[in-house]
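*Asks:* sequence and predicted structure are below.
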Amino acid sequence: MSAPVDLRTRWPDHSAHVVLSRVQRGGFAVLLAVVLAGLVLRPMLVVQAVVALITLAYTAAIVFRVVLVYAAGTGEHRVRVSDADALAEDDLPVYTVLVPAYREPRVIGLLMEHLAALDYPPGKLEVILLLEADDAETIAAAEAALPGPHVRILVVPESQPRTKPKACNVGLAEARGEFVTIYDAEDIPEPLQLRRAVVAMRRLGPSYVCLQAELGYFNTDQNRITRWFALEYASWFRSLLPGLVALRMPIPLGGTSNHFRAAALRDLGAWDPFNVTEDADLGMRLARAGYRVGVLDSVTLEEANSDFINWIKQRSRWYKGYLMTWLVHLRAPRATVMQLGWRGLLCLNLFVGGTPLAALLNAALWATTALWFLDRPPILEQIFIPPYYYLGLACLVFGNATVIYLNLLSVRTMDRPDLLGTALLSPLYWAMMSLAGAKAAWQLVFRPSYWEKTTHGLHLESSHAA
C-alpha cells in the first residue's frame, strides 16, 4: 500500500498530511500574540489595520477576476479538436479511465451506459472502477452492469485516509494507459473526449501534461440551486480558467475530466490522499514542476447538487481543500516564488486562497454594511478610515456588480436567457457560500482530511416525483 501515500513519502513538504508545518504554526502563534498585544495597547489601530488589509485583499481579488475575464476574451484559449480530426486518429494509445465511487448503487448502471458511449477502441480502453471494500452494495451493482472485459473492478483495501485521491492512486498504480483520466460516478463525458485529448496532447507537445475538459450539468433546470450552480460553472470553465491559461498561470483542476500523461503524473507523486481538493493541489504542483495545463474544448456533464444540505457538504469540502492547498504551498515561500513566479503567486493567493477566504468573510462584511446603513454607529466611522472606506464602498458597489455581470455573461455564453432572473438573484447564492466557508474553516481545524460524502442521484428522485 505504498502508492496512496507516495507523495507524503517522496515530498512531505507538498503533502497535506499536516495542514500547518512547524514553522507555520510558530509564525501564526507569533502573529496572534502580536495582534492580541496590539488589541490591549492600541485596539483601534489594530482593528483599522485589519480592516485595511481585508479591504486591499478584496480589491485585489476583484481586479484579478476582472483581468482574467478580459484575458479570456482576448483570444481563443481552449484547445479545439474537430470531430473529423478526432475520428481520423487511428494510432491511439492505451487510455485508462479511473472511476472512484463509494455508495453509488443507484447510478452505477447509468455510469456503465455512459462509459459504453465513449468512442474509443475497446482493445485500447481500460476502465477501472475503484470501489471500497466495505461497499458491498455498489460492488454488487457494478458486477451486474459490467459491459465488457475492458471494464474491471478494483477493490480499494481499507486504510486511512479514506479519500477519493487515495483510491485514484491505487488505480494509477495498476493503470496500463499512456494517458489517464478520472470520471465521477454520475458523469456523462462527450463520446469523442478521449480521442480529442490524444490529438490535443500530441499537437501541444510534451510540455503539456494535462488537459482540463469543461464541466457542465445535465440537471440545470431542476431547481434554483442547480441553476446557480450551472451559471457558476459556466463562468469558471469559460472565463476564469481560460483567463488563467491566457496569462500562463497555474490551473486549479476540477475533480473530473482532467486528462494526464500517466508518466508525468507518476513522476509528480500523483494525488495527495490527505488533500480533500486534490485536483486544485495537483494543478499547483504541475505548475511548480514546470509543466503546462490546457483547457480542452469538450464537455462532461455531471449532476449539480439540488439539495441545500448536500450542496453545503460539497462546497465546504471544496473550500477546505482550497485552504489546505493554499497553506501547503506557502510552507516554503521562497521556493514557491522561484517555481511559480509572481504570476503563480498571485493565482495562489488571490484565486486559490482568496476564493474560500472571501466566502468566509462575506457574511461579516455584509452585516457591517447593513449596520452602517441602519444605524451608522460612530465606531464604524473610526474603523473605516477615509481611503479604505471609499475603497470598501467601491468593492461593495462595483465588486458585487462585477460578479453579477460574470453570471450575466454566463447567461449569454450558455445561450440561456431564461436564467437571467437566477443571475440577478446571485447574492442569495453567495449567502450559501458564506455558510460553506464557515463550515470549511471549522473542519480545517478539527477534521482536515475528512472527506464528506456527496450524495448523487438526487435528480432521479426528482424525475420520479415528476
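*Replies:* Sure thing, it's come through. Numbering: from 1, shown residues only.
*Asks:* low-scoring stretches of this protein, by residue?
*Replies:* Regions of the chain meeting the criterion pLDDT under 70 cover residues 1-5, 460-466.
*Asks:* just say helix, strand or coil for residue 159.
*Replies:* When the structure is split into helix, strand and coil by DSSP: H, G, I helix; E, B strand; the rest coil, residue 159 lands in coil.
*Asks:* tell me how many other residues crowd it.
*Replies:* Using other Cβ atoms under 10 Å, residue 159 is surrounded by 13 other residues. Any C-beta I mention is one placed from the backbone N, CA and C, and that applies to glycine too.
*Asks:* next, the contact list for residue 425, please.
*Replies:* 224, 228 (Cβ atoms under 8 Å, 6 or more residues apart in numbering).
*Asks:* phi first, then psi, for it.
*Replies:* When read as degrees, to the nearest 10, the backbone of residue 425 gives phi -90, psi 10.
*Asks:* then residue 260?
*Replies:* The phi and psi values for residue 260, taken as degrees, to the nearest 10, are phi -120, psi 150.
*Asks:* residue 103 too?
*Replies:* Reported as degrees, to the nearest 10, the phi and psi values for residue 103 are phi 50, psi 50.
*Asks:* so it sits against residue 137, correct?
*Replies:* Yes - with contacts counted by Cβ atoms under 8 Å, residue 103 reaches residue 137, the gap being 7.4 Å.
*Asks:* for my notes, confirm residue 301 occurs in a strand.
*Replies:* Yes - when classified by three-state DSSP, residue 301 is found to be part of a strand.
*Asks:* hang on, it packs against residue 214?
*Replies:* No - Residue 301 is beyond contact range of residue 214, at 9.8 Å (criterion: Cβ under 8 Å).
*Asks:* more crowded one of the two?
*Replies:* Neighbour count, other Cβ under 10 Å: between residue 301 and residue 214, residue 214 has more, with 22 against 19.
*Asks:* what comes up buried for the helix ranked longest in the chain?
*Replies:* The helix that spans the most residues within the chain, counting by DSSP state H, is helix 43-72. Across helix 43-72, burial judged by 16 or more other Cβ atoms under 10 Å covers 46-48, 51-52, 54-55, 57-59, 61-62, 64-66, 68-69, 71-72.
*Asks:* give me the sheet partners of the next helix or strand after that helix and which way each runs.
*Replies:* Per DSSP states H and E, helix 43-72 leads on to strand 78-79 as the next helix or strand towards the C-terminus. Note on strand 78-79: by DSSP bridges, its sheet partners are strand 292-302 (parallel).
*Asks:* what angle do the strand it pairs with and helix 43-72 make?
*Replies:* Following axes from the mean of the first three to the mean of the last three Cα atoms, to 10 degrees, one obtains 90 degrees for the angle between strand 292-302 and helix 43-72.
*Asks:* list the buried residues in strand 292-302.
*Replies:* Applying a neighbour-count criterion of 16+ other Cβ under 10 Å, one finds 292-298, 300-302 buried in strand 292-302.
*Asks:* following it, which helix or strand shows up next?
*Replies:* In the C-terminal direction from strand 292-302 (assignment by DSSP H and E), the next one is helix 308-328.
*Asks:* tell me what that following helix is packed against?
*Replies:* With contacts defined as 3 or more Cβ pairs under 8 Å, 6 or more residues apart in numbering; DSSP states H and E, the secondary structure elements packing on helix 308-328 are helix 224-235, helix 278-288, helix 354-375, helix 426-446.
*Asks:* got the ones you listed as CSV, with mean neighbour count and distance to residue 400 columns?
*Replies:* Formatted as CSV, the helices and strands packed on helix 308-328 follow (neighbours: other Cβ atoms under 10 Å; distance: least, Cβ to Cβ, whole Å):
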stretch, mean neighbour count, distance to residue 400
helix 224-235, 22, 15
helix 278-288, 25, 25
helix 354-375, 16, 10
helix 426-446, 17, 7
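*Asks:* can you redo these as CSV with distance to residue 250?
*Replies:* What follows is the helices and strands packed on helix 308-328, written out as CSV (distance: least, Cβ to Cβ, whole Å):
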stretch, distance to residue 250
helix 224-235, 19
helix 278-288, 4
helix 354-375, 14
helix 426-446, 21
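*Asks:* hmm, back to that, nearest to residue 351, of the buried residues of strand 292-302?
*Replies:* Distance to residue 351, by Cβ to Cβ, is smallest for residue 293 among these, at 13.9 Å.
*Asks:* ok so, going back, ok, which of the helices and strands packed on helix 308-328 comes nearest residue 158?
*Replies:* When the helices and strands packed on helix 308-328 are ranked by distance to residue 158, counting by Cβ to Cβ, first place goes to helix 278-288 at 19.2 Å.
*Asks:* between the closest one and strand 292-302, how big is the angle?
*Replies:* Interaxial angle, helix 278-288 versus strand 292-302 (the same axes, to 10 degrees): 160 degrees.
*Asks:* span of stretch 132-149 from start to end?
*Replies:* Looking at stretch 132-149, the gap from its leading to its trailing residue is 20 Å under the measure Cα to Cα, to the nearest Å.
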